[in-house]
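> Could you look at this predicted model? Sequence included:
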Amino acid sequence: MFKKAIVAEELVKVARLLTGRKSSKLKKDIKLKSGDTYPRGTRVEIEWDDNKKAGFVQFEGQENPTEIPVTSLHKYLTGFMKPPGMKALERHLSEALGKTVTGQGGIESDGYDRYGFPAWPRALGIV
């Protein structure tokens, strides 16, 4: 039974990596184009889309997720970093290790963090 629990836990980690999914909270009130308003502190799920270089935010009760560009995630959601400047990106590329959009360090330029979110050079389409 104990081994099954460990295997199940590892499978959940792998699934999270493959989907790039993370829970977060809103930093401030947000009003969507649909007219729906969500207050600061609302819990949301964010799913990363490598092709669009954006996070898709699922609000409770919302049918379709809302797309937020990677460069804006930090403005609205907890647990996301402000995009690095050019010098920091250059350092990240030259040292081959840097931070992801969620702030986890020690990640290769084309790598992903434990939530499945990319390193900044990958998120910005540089690598």
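On my side now, so go ahead. Numbering: from 1, shown residues only.
> can you pull out the helices in this protein?
Per DSSP state H, the chain carries helices over the ranges 2-19, 73-76, 86-95, 120-123.
> Of the ones you listed, which shows the lowest average pLDDT?
Between those, the one with the least mean pLDDT is helix 2-19; it has a mean of 54.
> Output the below-cut-off pLDDT ranges for the protein.
Counting by pLDDT under 70, the chain has low-confidence residues at 1-19.
> Strands along that one, start to end?
Using DSSP state E, the strands found in the chain span residues 21-25, 30-31, 37-38, 43-49, 54-59, 66-69, 97-98, 107-108.
> in the first one, what counts as buried?
Under the neighbour-count criterion of 16 or more other CB atoms under 10 Å, strand 21-25 has 21-22, 24 buried. Where C-beta positions appear, they are placed from N, C-alpha and C, glycine not excepted.
> do the same with the fifth one
Buried positions in strand 54-59, judged by neighbour count with 16+ other CB under 10 Å: 54-57, 59.
> Identify the farthest-apart pair in the residues you listed.
Pairwise distances across the buried residues of strand 54-59 (CB to CB) peak at 15.6 Å, for the pair 54 and 59.
> what about the strands of the chain, which gets the closest to residue 78?
Shortest distance between residue 78 and these, using CB to CB, is found for strand 21-25: 4.9 Å.
> other SSEs contacting the closest one?
Contact analysis of strand 21-25 by 3 or more CB pairs under 8 Å, 6 or more residues apart in numbering; DSSP states H and E lists strand 43-49 as its packing neighbours.
> can you do 10 Å?
In terms of contacts (3 or more CB pairs under 10 Å, 6 or more residues apart in numbering; DSSP states H and E), strand 21-25 is packed against strand 43-49, strand 54-59, helix 73-76.
> Kindly reformat the strands of the chain as TSV containing distance to residue 121.
Putting those into TSV (distance: least, CB to CB, whole Å) gives the following:
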stretch	distance to residue 121
strand 21-25	20
strand 30-31	28
strand 37-38	31
strand 43-49	15
strand 54-59	16
strand 66-69	16
strand 97-98	7
strand 107-108	9
